[in-house]
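Asker: Fold the following and give me the result.
(one chain, ligands or ions: 1)
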Amino acid sequence: MTRWANFGGWADKGEQDQHNCNPSEKHQPTLERPRHEGNGFVCGALDASLPCVLMANSDSFRLGVLGSGRGSNLAAIADAVSRGDIPAEITAVISDVQDAPFLQHAERLGIPSQFIDPGKYRTKLDDAAEQAYIAALQLARVDLVVLAGFMRILKGEFLRVFEGRVINIHPSLLPSFPGLEAWKQALDYGVKYTGATVHFVDQGIDSGAIIAQETLPVRDEDSPESLLERIHSAEHRILPGAIAAIARGEVELQGRRTVRQNP
Ligand code: GRF
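Answerer: Below is the predicted model:
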């Protein structure tokens with residue numbers, strides 16, 4: 001099935017919105033149109049001067065997953081893909097940590113995976129690394145970039161190239177407790193409920209439009225570890241669910257809000 005991408009949402013052919021070129025013009029693409037390529041996508045417009053609609057090069061929706069840690073969310077995504085719950089394939093798994101269990105998970109599952117050196121900074125990619133990440137994801141022709149425990153801030157060029165197509169999983173009920181060790185922040189603050197959030201990535205820290213959340217009670221006897229364990233279970237439910245909804249073209253971005261077409 002062909003998917004049509006717009007900013008922050010994907011729709012099946014026929015419901016698509018245009019992307020790029022000239023946002024004020026509309027045109028109806030068909031599968032028979034000659035196509036020109038760019039940014040790892042094929043444009044459905046007649047020629048490069050027309051407004052274009054972006055679509056994946058093959059029939060399946062393609063995921064690129066970035067991570068730095070244990071890889072439990074990657075495993076949950078891969079399970080959901082293999083069960084057929086996510087109508088997509090994982091075509092790229094990339095880590096900034098060479099010996100991350102995240103990469104070992106991918107290898108065990110037979111998913112194409114690679115370490116790409118993040119460069120000289122601790123919390124972000126340097127310019128050369130950013131280009132290398134972009135190139136690898138474009139080579140894999142990903143439709144959606146999933147940050148599953150990727151511990152670096154992505155900004156500028158990366159978000160421009162994959163505009164509206166990068167999501168993140170965060171271990172709190174955003175906008176509460178953005179940043180590091182969110183489950184500890186929640187426990188220290190004394191909230192009675194916390195949870196997990198899937199959101200689009202924008203230039204801020206954990207500040208993009210929210211796609212899915214699950215709420216969990218904080219128990220009196222909770223330690224950071226016990227709370228995190230339950231948050232992880234919630235993450236493993238909402239992240240695959242959100243990806244599936246995006247791959248089916250059910251998620252639409254309306255300003256800061258996301259709306260589900262078939263909730
Ligand atoms: C998750 O808790 C996620 O919310 C955060 O990083 C952690 C990754 O865990 N962004 P894993 O590597 O998927 O097990």
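Asker: Report how many residues lie close to the residue of the chain found nearest the ligand.
Answerer: The chain approaches the ligand most closely through Gly149 (2.6 Å), counting by CB to the nearest ligand atom. In short, each C-beta sits where N, CA and C put it, glycine included. Here the number of neighbours of Gly149 (other CB atoms under 10 Å) works out to 22.
Asker: shouldn't it be in contact with Gly69?
Answerer: Yes - using CB atoms under 8 Å, Gly149 makes contact with Gly69 at a distance of 4.2 Å.
Asker: My guess is Pro224 contacts Ala186. True?
Answerer: No - in this structure, Pro224 is not within contact of Ala186 by CB under 8 Å, at 9.4 Å.
Asker: Quick check on the two: which one has the bigger neighbour count.
Answerer: Using other CB under 10 Å as the criterion, Pro224 and Ala186 rank with Ala186 on top: 25 against 14.
Asker: before we move on, which element is that one in?
Answerer: Secondary-structure element containing Ala186, defined by DSSP states H and E: helix 182-189.
Asker: re earlier: tell me, what's touching Gly149 and Gly69 both at once?
Answerer: Phe102 (CB atoms under 8 Å, 6 or more residues apart in numbering).
Asker: what's the helix holding Ala186 in contact with?
Answerer: Residues contacting helix 182-189 (CB under 8 Å, 6+ apart): 170-172, 176-177, 179, 194, 218, 222, 224, 227-228, 231.
Asker: Just the C-alpha atoms of it, please, in PDB.
Answerer: What follows is helix 182-189, C-alpha atoms only, in PDB (Å, rounded to 0.1, in the frame of the first residue of the first chain):
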ATOM      1  CA  ALA A 182      12.100  11.500  34.300                       C
ATOM      2  CA  TRP A 183      10.900   8.700  36.500                       C
ATOM      3  CA  LYS A 184      13.200   9.800  39.300                       C
ATOM      4  CA  GLN A 185      12.100  13.400  38.800                       C
ATOM      5  CA  ALA A 186       8.500  12.300  39.200                       C
ATOM      6  CA  LEU A 187       9.200  10.200  42.300                       C
ATOM      7  CA  ASP A 188      11.200  13.000  43.900                       C
ATOM      8  CA  TYR A 189       8.500  15.600  43.200                       C
END
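Asker: Need the residues that contact the next helix or strand after it.
Answerer: Next in sequence after helix 182-189, counting helices and strands by DSSP H and E, comes strand 193-200. Residues from elsewhere that reach strand 193-200 (CB under 8 Å, 6+ apart): 8, 164, 166-174, 176-177, 182-183, 186, 206-218, 227, 231, 234-235, 238-239, 242, 253, 258.
Asker: hmm, try it at 6 Å
Answerer: 8, 167-174, 186, 208-218, 231, 234-235, 238-239, 242 (CB atoms under 6 Å, 6 or more residues apart in numbering).
Asker: got the angle for the helix or strand harbouring Glu214 vs strand 193-200?
Answerer: Assigned by DSSP H and E, Glu214 belongs to strand 210-217. Strand 210-217 runs at 170 degrees relative to strand 193-200, counting by axes from the mean of the first three to the mean of the last three CA atoms, to 10 degrees.
Asker: Ile238 contacts Ile211, correct?
Answerer: No - using CB atoms under 6 Å, Ile238 is not in contact with Ile211, being 8.5 Å away.
Asker: Same drill for the two, tell me which one is more crowded.
Answerer: A count of neighbours by other CB under 10 Å puts Ile211 above the other of Ile238 and Ile211, at 24 against 19.
Asker: Look up how far His170 lies from the more buried one.
Answerer: Applying CB to CB, to the nearest Å, the value for Ile211 to His170 is 11 Å.
Asker: go on, Val251?
Answerer: Going from Val251 to His170 by CB to CB gives 17 Å.
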